[in-house]
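[1] Structural data only, the sequence is not supplied:
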């Protein structure tokens, strides 16, 4: 078997069709996400919930399900895109947004806030998580050698920061079981708090960073040929890395702060996408964004339906449903490399 | 994938030791690094066996080791401290060696059992035993070993076949790791807080209260792993240059890859089952060894660095923060992580090894 992607060459029309299918799928999933839940509603009920402020369904639809759907879409898109960017930038298939220390940074900040400051307000936790993610990402970048960072050094620095941060988090958890109680649910990843997440700033940040991220496709394509070739093509790898890390941090930091660490989407979705699109970032990035959103939303809906009246956290469903599907793809198809 | 290192090296002075048809290349710097690791290991070992709540002076330690200690000294040294030390050394060496093999096999600097799902497999085994069965420590150990071995088996089954690239191992590994992490998260959220505390404690990894039986188990695993590694050493070395080149050099890539995968899985299973998934040892040890030796080829040095990280971390864990001991796994993450960061920062200009 050849080691690069051969098979039917991904043609433009095939990719455009795929994109349209994804958008349609997103629309369907968004509707399902509003309709399905621990309390099932008929479509007319949902409609009255949307339009009629006096109906029974109104609070459920507008205060719970709509924010949850919006957050699922935004977080999924952010994580999918951040993962694709991270893998392109480090040129490493094992890289996920968490590798910049984003997840551990967020977790460390949440633990610190919960244990030492006794912070329990959700918005406060969210701000702390975001700041922690940003600090960790900057630390990774500096340790990797700032402007002299190479992809491999970046990956290693990320792994080192993650390990040290993780050790800190588990130490605090072990010393304080109240923090553990709070953390073991946050650390699985869930959309259940969507109704108290300040949804407008979260979505705003993700949209801005998302646009910036997709715009990096061209330079990243050049970077795929190596730093030297990229420089020859007029792309400064250093600037690209700084911008990329900034974008990834905002995307993944926001999503992680709001939903907890959902590793699967950022790590695996870009690989799934590459099976269909090939390695061209112009396609990989938007595809990863849409597939991430669709996947997270679908996992959330499944999690709500299978365990009624309680629910399974979206992070668990992602891994348990998406994992086998990914293995199936890997074992059947020829592998599309970065 | 182009994460491969850029070999900008000063001219290497090396001689070879020849014996009949075989030869071993001797690099002074590698030998120095190995010697340095051994000395550091001996120093940490002496320190950790003589300090703690029961202090021993060097001459009393020596007397106890020589067999002329008092009953209290004998008990402290031979029943409590030495088994724990032996376990730490063997577990660290197992993890360091496993990490080095995985990184060679996948040709990826992040290819370690932590990221390829073996650790998660062991954790899943242990969590099932703790949360579902409420089992004893021995059962948890066995269950964790089974989990890691099972994961290794699934990886090798799914990567069997024509494609000789390490890339597929990487993809299958992250897929499995994701699934198992999901399962672990599920078990953790479904358990009550007492089981959850016990589970998180296991997931952190600890060496407290290890006895000679456990040390012997890991030592046997380590010995078997070393033997297998020596047997496939040449093939593994050739595979650093890529599968095609390795085949061109006459290495039997298929069997070497299969053996390497099994060996690394067994080493991981042995280490993790006894000590829990000590964070970061398998990932960091080969990189630290590469930076010490100036070459990423010394598996021996990787194993020694692994042993050193775990032993030093365990010594620090025993002393703990204030009057509370910490689990070893908390400290390995800090020790390995901080040391690797320091190496990355200080060696920034030199452009050595990935």
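    Here it is on my side, so go on. All values reported here derive from a predicted model rather than from experimental measurement. Numbers count the residues shown, from 1 in each chain, chains lettered A, B, ... in the order given.
[2] residue with max distance from the center of the chain?
    As the question left the chain open, I've gone with chain A. residue A:54 (36.2 Å; Cα atoms, centre = their mean).
[3] not quite, I wanted chain B
    Relative to the C-alpha centroid of chain B, counting by Cα atoms, centre = their mean, residue B:70 is the outermost residue, at 35.4 Å.
[4] Over to it: give its phi and psi.
    phi -70, psi 170 (degrees, to the nearest 10).
[5] Next up, phi/psi of residue B:252, please.
    Per-residue torsions, residue B:252: phi -80, psi 90 (degrees, to the nearest 10).
[6] no no, residue B:17
    For residue B:17, the backbone dihedrals (degrees, to the nearest 10) come out as phi -100, psi 120.
[7] where does the chain have its least confident helix or strand?
    By default, I'm working from chain A. Lowest by mean pLDDT, DSSP states H and E among the helices and strands of chain A is helix A:177-186, with a mean of 70.
[8] wrong one, chain B
    Least confident helix or strand, chain B: strand B:22-26 with a mean of 72, by mean pLDDT, DSSP H and E.
[9] what are the pairing partners of that strand, and which direction each?
    Strand pairing for strand B:22-26, determined by DSSP bridges: strand B:15-19 (antiparallel).
[10] Centre of the chain to stretch B:187-199, how far?
    Taking Cα atoms, centre = their mean, to the nearest Å, the mean C-alpha location of stretch B:187-199 is offset from the chain mean by 27 Å.
[11] hang on, I meant stretch B:220-238
    14 Å.
[12] buried ones in stretch B:207-222?
    B:207, B:210, B:214-215, B:217-219, B:221-222 (16 or more other Cβ atoms under 10 Å in any protein chain shown). For the C-beta atoms, the positions are set from N, CA and C on the backbone; glycine is no exception.
[13] sorry, that was for stretch A:135-146
    Going by neighbour count (16+ other Cβ under 10 Å), the buried part of stretch A:135-146 is A:135-141, A:143-145.
[14] Sort out for me which of these are in helices.
    Counting by DSSP state H, the buried residues of stretch A:135-146 place A:135-141, A:143 in helices.
[15] In terms of distance to chain B, which of those ranks first?
    The closest of these to chain B turns out to be residue A:143 (Cβ to the nearest Cβ; 5.0 Å).
[16] next structured bit after the biggest helix by length in chain B?
    Criterion DSSP H: the longest helix present in chain B is helix B:212-239. Sequence-wise, the next helix or strand downstream of helix B:212-239 (DSSP states H and E) is helix B:243-248.
[17] Would you mark the buried spots in that next one?
    Buried residues in helix B:243-248, counted by 16+ other Cβ under 10 Å: B:243, B:246.
[18] avg pLDDT for it?
    In this model, helix B:243-248 has an average pLDDT of 82.
[19] next helix or strand past that helix?
    Counting by DSSP H and E, the next helix or strand C-terminal to helix B:243-248 is helix B:253-275.
[20] Does that next one reach chain A?
    No - Helix B:253-275 does not reach chain A (Cβ under 8 Å from any Cβ of the partner chain); its nearest approach is 12.6 Å.
[21] picking up where we left off before, quick check: the residue farthest from the centre of chain A is in a helix.
    No - using DSSP: H, G, I helix; E, B strand; the rest coil, the secondary structure at residue A:54 is coil, not a helix.
[22] State the pLDDT value of it.
    Looking at residue A:54, its pLDDT stands at 76.
[23] so how far is residue A:60 from it?
    Going from residue A:54 to residue A:60 by Cβ to Cβ, to the nearest Å gives 14 Å.
[24] Would you agree residue B:207 is in contact with residue B:314?
    Yes - the pair residue B:207 / residue B:314 is scored as a contact, 5.2 Å apart, by Cβ atoms under 8 Å.
[25] Tell me the residues that contact both of those two, please.
    B:84, B:88, B:328 (Cβ atoms under 8 Å, 6 or more residues apart in numbering or on different chains).
[26] Adding pLDDT and secondary structure as columns, could you present those in CSV?
    Converted to CSV, the shared contacts of residue B:207 and residue B:314 look like this (pLDDT from 0 to 100; DSSP: H, G, I helix; E, B strand; the rest coil):
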residue, pLDDT, secondary structure
B:84, 91, helix
B:88, 93, helix
B:328, 85, helix
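[27] Out of the residues you listed, which is nearest to residue A:190?
    Ranked by distance to residue A:190 (Cβ to Cβ), the shared contacts of residue B:207 and residue B:314 are led by residue B:328 at 30.8 Å.
[28] tell me the SS of residue A:189?
    coil.
[29] The nearest residue to it once chain neighbours are set aside: what's it in contact with?
    Closest residue to residue A:189 in three dimensions, ignoring its sequence neighbours and counting by Cβ to Cβ, 6 or more residues apart in numbering or on different chains: residue A:315, at 2.7 Å. Residues counted as contacts of residue A:315 (Cβ under 8 Å, 6+ apart) are A:188-190, A:259-264, B:182, B:185.
[30] among the buried residues of stretch A:135-146, which are in reach of chain B?
    Among the buried residues of stretch A:135-146, chain B is touched by A:143-145 when using Cβ under 8 Å from any Cβ.
[31] Run through the residues of the stretch 151-300 of chain A sitting next to chain B.
    Contacts of the stretch 151-300 of chain A with chain B, taken as Cβ under 8 Å from any Cβ, map to A:151-153, A:155-157, A:159-168, A:170-171, A:173-175, A:177, A:180-181, A:184-185, A:187-189, A:226, A:263-264, A:267-268, A:271.
[32] Next step: the residues you listed restricted to strands.
    Assigned to strands by DSSP state E, none of those qualify.
[33] Show me which of those residues are buried.
    The neighbour-count test (16+ other Cβ under 10 Å) marks A:151-153, A:155-157, A:159-168, A:170-171, A:173-174, A:180, A:184-185, A:187-189, A:263-264, A:267-268, A:271 as buried among those.
[34] Cross these against helices and list the overlap.
    Going by DSSP H, the helices hold A:151-153, A:155-157, A:159-168, A:170-171, A:173-174, A:180, A:184-185, A:263-264, A:267-268, A:271 from those.
[35] and residue B:299, how far is that from chain A?
    19 Å (Cβ to the nearest Cβ, to the nearest Å).
[36] got the contact list for that residue?
    Residues in contact with residue B:299 (Cβ under 8 Å, 6+ apart) are B:97, B:100-101, B:229, B:233, B:236.
[37] swap in residue B:36?
    Contacts of residue B:36 by Cβ under 8 Å, 6+ apart are residue B:292.
[38] Just confirm it is within a strand.
    No - secondary structure of residue B:36 (three-state DSSP): helix, not part of a strand.
[39] Quick check: pLDDT value at it.
    As predicted, residue B:36 sits at a pLDDT of 92.
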